[in-house]
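Peer 1: model the structure of this input:
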Amino acid sequence: MKELSIFVDESGDFGPYEKHAPFYLFTLVFHDQRKSIVAQIVHLEHGLTEIGFDAKHCFHAGPIIRREEDYQTLSITERRKFLNRIMSFARNSEISYVTFSIEKKHTTDSLSLTVSLSKQLSTFIREEYSFFNQFDRIIVYYDNGQIELNKLLASVFTVMLPQAEFRKVIPADYRLFQVADLFCTLELICLKDEHHIISKSEEAFFGSKRDMRKNYLNPLFKKHYK
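Peer 2: Presented below is the predicted three-dimensional model:
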């Protein structure tokens, strides 16, 4: 049986437009279960123990960048090394991703936001139907963080891909869900860079724009679904 796993994470919310948080986006990470990533997981978790963290530590890209939660006591060099661990894992795993985004000032309310994103997702599935149709089973993993996105995913996937199933995920249980969080965070950084609204903490973490693109965004884009 051919099985595709899809891990979903989002950034932003379905509320009204706010200048400090102008975007809403969600990312889908695709993993063909015939392509094992066990060796990459083992390598990642061994690396975590080498820097003094629990092997099962759950990565949260945003807090790493902003020096929050578990990362408050880490220096910027340590946090960069930490993020590079999950970056390396993602780079070396046979996965791909796609992100759908919208600038919220172009929508009038949560309904128009939902309609716009639904159209983006539907168009993508329609254009790549041969890819999805090769799988006997498609499992969509999401933590049900936002009910609007949950409904959007269910309405589009169940209509267009009847072999799709849904599972509520606990982020700490799936490394690829943590990768979805990473990719979504970096896609947001890219949007903020394009609109010249990167925060001071983000600027400090990534350094120059050249370094940000070389070390983070360009490796990310290599994983984009083609």
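
Peer 1: surely residue 105 is in contact with residue 17?
Peer 2: Yes - judged on CB atoms under 8 Å, residue 105 makes contact with residue 17 at a distance of 4.6 Å. Just so you know, the C-beta spots here come from the backbone N, C-alpha and C atoms, and that holds for glycine as well.

Peer 1: quick one: which of those two has more around it?
Peer 2: Shown here are residue 105 and residue 17; by other CB atoms under 10 Å, residue 17 has more neighbours (15 against 12).

Peer 1: now the top helix by length along the chain: buried residues?
Peer 2: Longest helix in the chain, counting residues (DSSP state H): helix 175-194. For helix 175-194, the neighbour count (16 or more other CB atoms under 10 Å) marks 175-191, 193 as buried.

Peer 1: may I have that helix as CSV, with CA atoms only?
Peer 2: Written as CSV, here are the backbone C-alpha positions of helix 175-194 (Å, rounded to 0.1, in the frame of the first residue of the first chain):
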residue,chain,number,x,y,z
ARG,A,175,9.7,15.2,13.8
LEU,A,176,8.1,16.1,10.4
PHE,A,177,5.4,18.1,12.2
GLN,A,178,8.3,20.1,13.7
VAL,A,179,9.7,20.4,10.2
ALA,A,180,6.4,21.9,9.1
ASP,A,181,6.7,24.4,11.9
LEU,A,182,10.2,25.2,10.8
PHE,A,183,9.3,25.6,7.1
CYS,A,184,6.2,27.8,7.9
THR,A,185,8.3,30.0,10.2
LEU,A,186,11.0,30.5,7.5
GLU,A,187,8.4,31.2,4.9
LEU,A,188,7.0,33.9,7.2
ILE,A,189,10.5,35.3,7.6
CYS,A,190,10.8,35.5,3.8
LEU,A,191,7.5,37.4,3.5
LYS,A,192,8.5,39.8,6.3
ASP,A,193,11.9,40.3,4.6
GLU,A,194,10.2,41.2,1.3
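
Peer 1: which strands or helices does the helix or strand following that helix pack on?
Peer 2: Later in the chain than helix 175-194, the nearest helix or strand by DSSP states H and E is helix 200-206. Applying 3 or more CB pairs under 8 Å, 6 or more residues apart in numbering; DSSP states H and E, one finds that helix 200-206 makes contact with helix 61-66, helix 76-92, helix 175-194.
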